[in-house]
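1. sequence and predicted structure, then a few things I'm wondering about:
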Amino acid sequence: MNEDSAHFPPVDPVKTGIKGCCPRCGQGKLFDGLLGVKPRCAACGLDYSFADSGDGPAVFVILIVGFIVIGMVLWLQVNYGPPIWVHILLFAPLTIILSLLTLRWFKGILIAMQYRHNAREGRLSD
């Protein structure tokens with residue numbers, strides 16, 4: 001990952017992750033589509049084969065979006081007591097949109113953090 005001979009100024013992993021940019025140069029795009037990772041950076045040529053965020057982004061999204069949506073559902077129910085179809089109509093699209101948006105952000109941030117800290121899969125020494 002960081003064994004490049006090229007020298008690039010360090011980029012902020014949070015900013016590049018949210019923007020979906022390359023963790024090395026900050027210019028090229030990281031994603032191919034909504035959540036798929038491109039094979040390499042078009043700007044600097046960094047191979048993205050190291051990028052494996054696993055289930056980490058999904059855990060963050062479940063906790064954060066769940067907290068926000070359930071808090072809003074409880075607030076609406078306690079203050080106004082609407083029927084269940086109102087909850088479904090309001091919160092199903094909100095949950096889907098928030099989940100997809102934040103999943104992309106967290107996946108980008110975790111991949112950028114992997115690159116910055118030279119994280120690798122654990123290996124047992126023989």
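-> Thanks, I have the structure now.

2. what's the end-to-end length of stretch 47-67?
-> Start-to-end span of stretch 47-67 (C-alpha to C-alpha, to the nearest Å) is 36 Å.

3. identify each buried residue in it, please.
-> Within stretch 47-67, the residues that count as buried by 16 or more other C-beta atoms under 10 Å are 48, 50-51, 53, 56-57, 60-61, 65. (Glycine included, C-beta is placed from N, CA and C.)

4. and those residues, which is the shakiest by pLDDT?
-> The lowest pLDDT within the buried residues of stretch 47-67 belongs to residue 53, with 82.

5. hang on, the earlier thing: tell me which of the buried residues of stretch 47-67 fall in helices.
-> 56-57, 60-61, 65 (DSSP state H).

6. of the residues you listed, which is the nearest to residue 117?
-> Set against residue 117, the nearest of these by C-beta to C-beta is residue 56 (13.5 Å).

7. still on that earlier bit, please identify which of the ones in helices among the buried residues of stretch 47-67 is nearest to residue 85.
-> Using C-beta to C-beta, residue 65 comes nearest to residue 85 of these, at 21.4 Å.

8. correct me if wrong: the closest one contacts residue 95.
-> Yes: look at residue 65 against residue 95 with C-beta atoms under 8 Å: they come within range, at 6.5 Å.
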